[in-house]
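Student: The sequence isn't on hand, but the structure is:
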């Protein structure tokens with residue numbers, strides 16, 4: 001089954017067996033009747049399993065070419081579950097340019113549990129190996145990274161992980177399974193903030209994990225059930241609905257993203273533009289190899305390179321909405337240093353390029369001319 005067909009049918013029953021419903025019903029229930037103690041029809045309590053959530057988890061596994069999908073109450077809840085695979089004394093290697101919430105979870109929660117983190121640049125994959133020792137248990141990758149759009153060679157990192165017998169987890173939120181499938185490139189775990197492109201309409205908060213290995217899936221299912229950070233059936237339904245148009249939306253996100261990126265690159269009031277589709281973008285060739293397109297996420301700095309200039313631009317946008325998050329049908333603009341990445345210390349942000357003049361755009365599916373006109377007037 002090809003990807004576009006998978007988004008609609010992958011992992012799904014053709015119809016609901018009760019009444020023939022084409023979409024999986026929303027099973028808005030916390031518990032299920034039993035004919036005898038322990039005698040049930042596959043579900044006993046909705047923290048442990050819900051038919052609507054199960055349909056979503058099956059769809060997630062299908063579009064990522066995995067075997068097991070798990071849905072959580074948020075992307076951070078999904079990452080939290082992965083981190084609970086480890087114990088005090090274990091070490092994790094993570095890219096140094098990553099979502100601020102991930103950094104906060106790693107440093108403010110799990111470092112206190114005795115897990116050690118190494119935040120490093122991964123644009124040159126061979127540089128990772130020197131940080132691996134007998135305590136290393138996982139490599140955590142974002143690609144493209146948030147917000148600097150760095151590209152990391154998943155296949156190359158996977159070879160290092162296999163050689164050293166450590167897990168490789170990839171945050172695939174920016175690329176989505178439409179553009180990139182990390183499990184096929186050798187990753188062990190794929191994570192999504194399903195709040196973003198998978199949901200696609202800025203109306204749900206959810207996270208997901210997809211794996212191929214059954215033993216790893218069993219450990220994660222146990223953590224999911226024991227910790228209880230699951231999503232509800234209504235949210236599961238919304239993301240299922242969103243997945244059905246993922247391929248259509250991503251095509252337009254990519255088209256509009258390219259148009260906006262090229263406009264910004266030629267604008268005199270813009271300094272640097274970060275978008276992996278440019279031939280001079282670091283690791284552009286790797287992006288071409290492992291991605292089907294370059295996505296709708298763009299970051300740029302103003303020519304003035306000041307906080308004041310960045311704030312002026314985002315406050316004057318009219319079609320783009322100044323807001324956190326990304327991946328919805330509507331275009332959003334954010335100021336990472338004061339919004340999504342404010343939890344990262346200033347000196348650490350600066351090392352990776354998250355300066356006060358940086359603006360991050362999530363380019364939506366509106367008419368590209370309207371988006372460009374909006375940026376033109378906001379830049380002045």
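Tutor: All right, it came through fine. Computed from a prediction, not measured in an experiment: that's the story for all the values here. Numbering: from 1, shown residues only.

Student: Break this structure down into its domains, please.
Tutor: Listed by automatic domain parsing, the domain ranges of the chain are 3-243, 246-379.

Student: mind putting these in CSV, mean pLDDT and mean neighbour count included?
Tutor: (Glycine included, C-beta is placed from N, CA and C.) What follows is those, written out as CSV (pLDDT from 0 to 100; neighbours: other Cβ atoms under 10 Å):
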stretch, mean pLDDT, mean neighbour count
domain 3-243, 96, 19
domain 246-379, 96, 19
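
Student: and residue 340, what helix or strand is that in?
Tutor: For residue 340, there is no host helix or strand (DSSP states H and E).

Student: Ok, residue 276 next?
Tutor: Element membership for residue 276 (DSSP H and E) is empty, with no helix or strand holding it.

Student: The one 3 residues further on now?
Tutor: Of the helices and strands defined by DSSP H and E, none includes residue 279.

Student: what about it, distance to residue 294?
Tutor: 11 Å (Cβ to Cβ, to the nearest Å).

Student: Likewise for residue 25?
Tutor: Distance of residue 25 to residue 294, computed by Cβ to Cβ: 38 Å.

Student: Same question for residue 360.
Tutor: According to Cβ to Cβ, residue 360 stands 15 Å off from residue 294.

Student: One more: residue 130?
Tutor: 30 Å.

Student: From the contact counts, what lies against the longest helix anywhere in the chain?
Tutor: Looking across the chain with DSSP state H, the single longest helix is helix 246-265. Applying 3 or more Cβ pairs under 8 Å, 6 or more residues apart in numbering; DSSP states H and E, one finds that helix 246-265 makes contact with helix 3-9, helix 176-179, strand 270-274, strand 297-302, helix 368-379.

Student: Enumerate every residue touching the residue nearest to residue 164 when sequence neighbours are not counted.
Tutor: Nearest residue to residue 164, sequence neighbours excluded (Cβ to Cβ, 6 or more residues apart in numbering): residue 132, at 4.9 Å. Listed by Cβ atoms under 8 Å, 6 or more residues apart in numbering, the contact set of residue 132 reads 93, 160, 164, 166.

Student: and if you look at residue 151?
Tutor: 123, 143, 144, 145, 276, 281, 282, 283, 284, 286, 287.

Student: picking up where we left off before, any chance of the helices and strands packed on helix 246-265 in a markdown table, with distance to residue 249 too?
Tutor: Listed next are the helices and strands packed on helix 246-265 as a markdown table, based on distance: least, Cβ to Cβ, whole Å:
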| stretch | distance to residue 249 |
| --- | --- |
| helix 3-9 | 10 |
| helix 176-179 | 9 |
| strand 270-274 | 22 |
| strand 297-302 | 14 |
| helix 368-379 | 14 |
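
Student: closest to residue 251 out of those?
Tutor: Of all these, it is helix 176-179 that lies closest to residue 251, at 8.3 Å by Cβ to Cβ.

Student: What strands line up against the helix or strand just after the closest one, and which way round?
Tutor: Using DSSP H and E, the next helix or strand after helix 176-179 towards the C-terminus is strand 189-193. Strand pairing for strand 189-193, determined by DSSP bridges: strand 167-171 (parallel), strand 207-211 (antiparallel).

Student: What residues does residue 362 make contact with?
Tutor: Residue 362 makes contact with 296, 297, 325, 326, 327, 328, 331, 332, 333, 334 under the criterion Cβ under 8 Å, 6+ apart.

Student: Return the member of those residues nearest to residue 65.
Tutor: Distance ranking of the contacts of residue 362 against residue 65, using Cβ to Cβ, places residue 327 first at 20.6 Å.

Student: On the three-state scheme, the closest residue to that closest one other than its chain neighbours is what?
Tutor: What sits nearest to residue 327 in space, not counting adjacent residues and going by Cβ to Cβ, 6+ apart, is residue 196, at 3.1 Å. Here residue 196 is recorded as coil under DSSP: H, G, I helix; E, B strand; the rest coil.

Student: Was I right to think residue 196 contacts residue 175?
Tutor: No: using Cβ atoms under 8 Å, residue 196 is not in contact with residue 175; the gap is 10.7 Å.

Student: did I read that right, residue 360 in a helix?
Tutor: No: using three-state DSSP, the assignment for residue 360 is strand, not a helix.

Student: pretty sure it contacts residue 334?
Tutor: Yes: Residue 360 lies in contact with residue 334 (Cβ under 8 Å); the separation is 4.8 Å.

Student: Please enumerate the shared neighbours of the two.
Tutor: With Cβ under 8 Å, 6+ apart as the test, residue 360 and residue 334 both reach 326, 340.

Student: I'd like to know how far the residue nearest to residue 164 sits from residue 50.
Tutor: Separation of residue 132 from residue 50 (Cβ to Cβ): 39 Å.

Student: Likewise for residue 184?
Tutor: Noted for residue 184: a distance of 29 Å to residue 50, by Cβ to Cβ.

Student: and if you look at residue 252?
Tutor: 32 Å.
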